[in-house]
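Undergrad: Got a sequence here, can you build the structure:
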Amino acid sequence: MTDSPYHFFDVHVLRTEYVTPSMIRVTLGGDGLARMASAGRDQRIKVFLPHPGQDAPVMPDTTEGNAANWYTDWLALDPDVRGIMRTYTTRELRRDPDELVVDFAVHGPAPSPDDGPATSWARAARPGARIGVLAPVEEENGAYDFRPPQDTDWVLLTADESALPAVAAILETLPAGTPTRVWIELHDPADQQELSTEAAAEITWLTEQGGTPAAIRAAELPPGTPYAWVTGESATVKTVRRHLVGDRGFDRKRVSFAGYWRRGTTTDELIDRNEAA
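TA: Numbering: from 1, shown residues only. Presented below is the predicted three-dimensional model:
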């Protein structure tokens, strides 16, 4: 058996709260969480949710260390039964006691036709509800992208609701005084959060969907060597990256980018096309 830097964890809900009208914070506990690690920043994890009528998700073999081929093993399970997989950010990994905090972006405080399985689960989650998590057991791992080179003079961040937990975690880890420009798209101004940071951060909240590229084009950016972390909806991400590299002259290697979702396409459709591992 080949060991893996990622392990499966059986966790349960300790408590939930609405951070904003469109963000539910779920705090999870479990006997094995002492082994879980996080790089902070935009640390990705996989969550596996039960189908309606199940009290826990159906998972691949979760024997400790047996996660090297987790995606193939998960795909081999019956799609109508296997745990519903989604990608989230570790908002916080706490110690004493060991707790995993995950923020779920939802479509407002009331159920919506746009709700997917993860949103529906988060709305209904109560203490004791069980899910599965695939997460690193080593702080240095391949499941995070925010890696500014040492010679970075200033940082550019973009996000929408889907990437807001990652932005919040990144801002908390930036060295004091780091010049930072941030653009965050929201559907509703009521969903703005207080973001804690010691960086010299200028945060711009946008309410126009897909408005980030125009806002950055109109902005005067700081001098010096930049590092950009660009996330959110895939088409918006591509447009921003193209502008930074093509128009602003950013070195391609200094632009980290990831589409957290794709307009008009569900996560399950991406999985069916093998584009969501």
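Undergrad: Residue 175 and residue 200 touch, don't they?
TA: No. Assessed by CB atoms under 8 Å, residue 175 is found out of contact with residue 200, at 10.2 Å. For the C-beta atoms, the positions are set from N, CA and C on the backbone; glycine is no exception.
Undergrad: between the two, which one's more packed in?
TA: residue 200 (15 against 9; other CB atoms under 10 Å).
Undergrad: residues in contact with the more buried one?
TA: 177-180 (CB atoms under 8 Å, 6 or more residues apart in numbering).
Undergrad: Reduced to three states, what does residue 170 come out as?
TA: Here residue 170 is helix, with the state taken from DSSP: H, G, I helix; E, B strand; the rest coil.
Undergrad: Next: residue 122.
TA: helix.
Undergrad: In contact with it, which residues?
TA: Contacts of residue 122 by CB under 8 Å, 6+ apart are 16, 24, 26, 104, 106.
Undergrad: Tell me how far the second one lies from residue 33.
TA: Residue 24 sits at a distance of 20 Å from residue 33 (criterion: CB to CB, to the nearest Å).
Undergrad: again with the third one
TA: Computed with CB to CB, the distance linking residue 26 and residue 33 is 14 Å.
Undergrad: Who has more neighbours out of those two?
TA: Applying other CB under 10 Å to residue 26 and residue 33 shows that residue 26 carries more neighbours, namely 23 against 19.
Undergrad: Before we move on, what's the pLDDT of that one?
TA: The per-residue pLDDT reported for residue 26 equals 98.
Undergrad: Are we agreed that it is in a strand?
TA: Yes. Counting by three-state DSSP, residue 26 falls inside a strand.
Undergrad: residues in contact with it?
TA: By CB under 8 Å, 6+ apart, the neighbours of residue 26 are 13, 15-16, 101-104, 122, 125.
Undergrad: Show me what it is bridged to.
TA: Here residue 26 sits in beta bridges with residue 16, residue 102, going by DSSP bridges.
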